[in-house]
Structure formats: structure tokens, C-alpha cells
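In: give me coordinates for this.
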Amino acid sequence: KRQKMHVQIGDNVTVISGFDKNKTGEISKVYKNTGKILVKGINYKFKHIKPNTDNEVGEIKQIEAPIHHSNVKLNVPES
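Out: Down below sits the predicted model:
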């Protein structure tokens, strides 16, 4: 079931709960089926990547993980 959201792609939002509380960012992706959003610069996770072949080297990538839309509030620009 799709969830109705109060935010959309391109909105500037502030995180109101969790580890990244009071940080602001722009929404880059919306997952309507799960009710989650991807915010630039928020909720970084580390992904450990194994080497596939002998001559490759493993690496640790930092990726943005989605957060629930109820954990953000919309920034209203002052006019």
C-alpha cells in the first residue's frame, strides 16, 4: 500500500529525530511503497565490498540510507 507523504523530490527538509537530528538537506529520492525518503548528506552508512577477483582490492563505501518521511519536517522559506 502506498503512503501519502507531506514531502516530495527537491524539497528542503530538517531531520527531527534520530542520529542526524537538526540537520538539513534536499530530498533526492522518494520510495512511496515503504514511505521512506533519501536526503542528501543525511544518514550515511558504510558498505563493505569484498574483492571479486585476486587482483582486486576490497573497499568500504559510504552510502546514504533512506529514512522514514515522518522523521523530517518541511523547511518553509521565509518571504
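In: relative to Glu59, how far out is Pro51?
Out: Counting by C-beta to C-beta, to the nearest Å, the gap from Pro51 to Glu59 is 8 Å. For glycine as for every other residue, the C-beta is placed from the backbone atoms N, C-alpha and C.
In: just Tyr44 next, same as before
Out: Taken as C-beta to C-beta, the span from Tyr44 to Glu59 is 15 Å.
In: who's the closest spatial neighbour of the residue nearest the centre of the chain, skipping the chain neighbours?
Out: Most central in the chain under C-alpha atoms, centre = their mean is Leu38, positioned 2.9 Å from the mean C-alpha point. The shortest distance from Leu38 to any non-neighbouring residue, by C-beta to C-beta, 6 or more residues apart in numbering, is to Lys29 (4.0 Å).
In: starting at the chain centroid, how far to the one helix or strand that neighbour maps to?
Out: Using DSSP states H and E, Lys29 sits within strand 24-31. Relative to the chain's own centre, strand 24-31 is displaced by 6 Å; criterion: C-alpha atoms, centre = their mean, to the nearest Å.
In: same question, stretch 21-39
Out: How far stretch 21-39 lies from its chain's middle: 5 Å, per C-alpha atoms, centre = their mean.
In: can you give me the strands in this protein?
Out: 12-15, 24-31, 36-39, 44-49, 59-64, 67-68, 72-74 (DSSP state E).
In: show me what the shortest one pairs with in its sheet, parallel or antiparallel.
Out: Yep, that's strand 67-68 we're talking about. According to DSSP bridges, strand 67-68 forms sheet pairs with strand 36-39 (antiparallel).
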